[in-house]
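Participant: fold the following, please.
(one chain, ligands or ions: 1)
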Amino acid sequence: MIEIASVQKRVIRNHYDIATLFYRLLWGPHIHHGYWESNESPAIAQLQLTENLARHAMIREGSTLYDIGCGMGGSSQWLAKHRQCEVTGVTLSPVQRNWASLSARMHNIQPRPKFVCADAETIQFAAESADYVWSVECTEHLFDKPAFFKNAASWLKPKGRFALCAWLVGESPLSAMQIEQATQVCHGMFCPSLGSQSDYGKWFSDAGLVVVDQGIWTRQVERTWEICRNRVERTGVRYLAKILGKNHTLFLNHFDAILNAYRSGAMEYGYFIAEKSS
Ligand SMILES: C[S@@+](CC[C@H](N)C(=O)[O-])C[C@H]1O[C@@H](n2cnc3c(N)ncnc32)[C@H](O)[C@@H]1O
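Facilitator: Predicted structure coming up:
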């Protein structure tokens with residue numbers, strides 16, 4: 001695992017409160033990487049990531065599902081619409097909570113997902129109340145990841161599953177250059193730490209979950225950052241970010257850092273499906 005001390009939760013919340021509009025304009029309703037099989041559009045690639053994770057998790061129709069770090073509710077809406085899941089989405093950002101609720105209402109998504117503004121590290125759900133916990137690109141922002149996994153495991157029913165996508169740090173040993181690249185990403189993207197694939201395996205198993213499927217999708221997703229970088233350069237977003245504050249410029253300036261980190265092996269993009277024993 002790689003850790004940095006400078007990230008603060010209020011900065012993460014503020015980033016998503018302010019940047020959500022830009023994510024929507026520049027990228028789409030999903031705030032996660034696209035998954036490319038060939039030359040699909042970014043919009044299709046974003047959906048393919050959700051579809052692939054749902055397929056690997058074998059999401060059953062009508063399940064109860066908690067979407068932790070739900071962004072604008074893109075995955076929550078897809079899971080409600082295509083798997084008829086009863087979804088509760090959780091986000092740290094009040095702006096995203098309102099956005100996701102409004103969007104689900106405007107698209108008349110049934111069953112209607114619920115969205116709450118809460119900290120995933122302190123929220124309480126009833127024990128054994130969920131068939132699935134779903135989390136795409138949120139755990140990077142959590143401060144005590146092992147404690148979160150223990151908590152989340154308690155929400156799952158027996159045989160319930162945790163489906164997760166995360167930015168990973170490469171397995172050790174890493175070179176000094178790779179450590180520097182991953183550290184830059186943590187700074188620019190507001191991640192207090194990044195775990196490796198084996199760290200996540202340990203956090204799942206310490207929480208009483210068995211990883212039944214996992215894999216690395218770095219090559220399928222890395223194009224995301226080339227596209228985002230080009231879209232930022234083609235539009236006036238950089239100027240707007242400057243006006244909004246230095247943290248937003250910091251974020252835009254780190255698109256190359258993450259591409260470099262993926263290409264050097266300093267970082268990987270991984271998915272995990274972990275199951276609670278009966
Ligand atoms: C990269 S976005 C991913 C959004 C969404 N999962 C998606 O795929 O579109 C990260 C999300 O994690 C949320 N997040 C970060 N830290 C959180 C925390 N401590 N508690 C709840 N949500 C958090 C942010 O508000 C944001 O919605």
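Participant: C-alpha from now on. contacts and neighbour counts both.
Facilitator: Fine.
Participant: tell me if I'm right that Q197 and W167 touch.
Facilitator: No: between Q197 and W167 there is no contact, the gap being 9.3 Å when judged by CA atoms under 8 Å.
Participant: overlap of the contact sets of these two?
Facilitator: G270 (CA atoms under 8 Å, 6 or more residues apart in numbering).
Participant: for the protein, which residues are neighbours of the ligand?
Facilitator: The chain has residues 16, 30-32, 69-71, 74, 90-93, 118-121, 135-138, 141-142 near the ligand, with proximity defined as CA under 6 Å from any ligand atom.
Participant: can we see that at 5 Å?
Facilitator: For the chain, the contact set with the ligand under CA under 5 Å from any ligand atom comprises 30-32, 69-71, 91-93, 119-120, 136-138, 141.
Participant: could you tell me which of those belong to strands?
Facilitator: T91, V136 (DSSP state E).
Participant: buried subset of the residues of the chain next to the ligand?
Facilitator: 30-32, 69-71, 91-93, 119-120, 136-138, 141 (16 or more other CA atoms under 10 Å).
Participant: from these, pick the one nearest S6.
Facilitator: H141 (12.3 Å; CA to CA).
Participant: what's near enough to touch that closest one?
Facilitator: I12, F190, C191, P192, S193.
Participant: quick one: which of the residues you listed has the most company?
Facilitator: C191 (27 neighbours; other CA atoms under 10 Å).
Participant: can you confirm that residue is in a helix?
Facilitator: No: checked against DSSP: H, G, I helix; E, B strand; the rest coil, C191 lies outside a helix; its state is coil.
Participant: does it touch D144 like I think?
Facilitator: No: judged on CA under 8 Å, C191 makes no contact with D144 at a distance of 11.6 Å.
Participant: which residues in the protein form strands?
Facilitator: 2-3, 64-68, 86-91, 114-117, 130-136, 156-169, 193-194, 209-216, 267-276.
Participant: could you dump these into a markdown table with mean pLDDT added?
Facilitator: Listed next are the strands of the chain as a markdown table, based on pLDDT from 0 to 100:
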| stretch | mean pLDDT |
| --- | --- |
| strand 2-3 | 97 |
| strand 64-68 | 99 |
| strand 86-91 | 98 |
| strand 114-117 | 98 |
| strand 130-136 | 99 |
| strand 156-169 | 98 |
| strand 193-194 | 98 |
| strand 209-216 | 98 |
| strand 267-276 | 98 |
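Participant: which of the ones you listed sits closest to F22?
Facilitator: Closest to F22 of the strands of the chain is strand 86-91 (CA to CA; 17.2 Å).
Participant: chain center to that closest one, what's the gap?
Facilitator: Offset of strand 86-91 from its chain centre (CA atoms, centre = their mean, to the nearest Å): 14 Å.
Participant: try stretch 183-198
Facilitator: 13 Å.
Participant: next one: stretch 3-21
Facilitator: On CA atoms, centre = their mean, the centre of stretch 3-21 falls 14 Å from that of its chain.
Participant: what sits up against that stretch?
Facilitator: For stretch 3-21, the surrounding residues in contact (CA under 8 Å, 6+ apart) are 72, 92-96, 141, 183, 186-187, 190-194, 247-248.
Participant: switch to 6 Å and redo it
Facilitator: Contact partners of stretch 3-21, identified using CA atoms under 6 Å, 6 or more residues apart in numbering, comprise L92, S93, V95, F190, P192, S193.
Participant: ok so, going back, looking at the contacts of H141, spot the one nearest the ligand.
Facilitator: I12 (6.4 Å; CA to the nearest ligand atom).
Participant: I appreciate the help and will end here.
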